[in-house]
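>>> quick one, structure for this:
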Amino acid sequence: MRIMGLDFGSKTVGVAISDPLLITAQGIEIIRRKEENKQRQTLARIEALITEYGVTEIVLGLPRHMNATEGDRVEKTREFAEKLERRTGLPVHFWDERLTTVAADRAMIEAGVRREERKEHVDMIAAVLILQGYLEHRSMQNKMSAQETGEE
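Got it, this is the predicted structure:
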């Protein structure tokens, strides 16, 4: 069982996959498309990765504004999530992705990655941050549930 994390953008989708124990997230690729509305090949590639890695759930970054309002990108992301659910039959969870791109860029700057190369990888690293945040939240919820039922 693995979980896939996605950072959905207008022309790219960053992809991350959890380890089988659902502890860590690893970036695996960036899916690129020439036009925003041409998503058939993107969905087919995601489907292939789901099969290859044995994915059972998907976490999709939700790009809310800093003041928590939802704009045009959120609507497009929700539409993409519906397509994903219909095509894969897997549950799609949303995860607040505010500041993930900023954090991804900052991490690459600290690692000494040149500006030109940062653009190449930022979406995949953002997908890792989205998925890692979800995995940590899920782990914390499981621990809290175990404490409540006395199953520590």
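
>>> in space, what's closest to residue 45 - neighbours in sequence excluded?
Excluding the flanking residues, the one nearest residue 45 by Cβ to Cβ, 6 or more residues apart in numbering is residue 31, at 5.1 Å. Just so you know, the C-beta spots here come from the backbone N, C-alpha and C atoms, and that holds for glycine as well.

>>> in contact with that neighbour, which residues?
Shown in contact with residue 31 (Cβ atoms under 8 Å, 6 or more residues apart in numbering): 12, 13, 15, 42, 45, 46.

>>> helix, strand or coil for it?
strand (DSSP: H, G, I helix; E, B strand; the rest coil).

>>> bridged to it, which residues?
For residue 31, the beta-bridge partners under DSSP bridges are residue 13.

>>> show me what the lowest-mean-pLDDT helix or strand in the chain is packed up against.
Sorting the helices and strands of the chain by mean pLDDT, DSSP states H and E puts helix 100-110 at the bottom, at a mean of 74. Contact partners of helix 100-110 among helices and strands, from 3 or more Cβ pairs under 8 Å, 6 or more residues apart in numbering; DSSP states H and E: helix 115-148.
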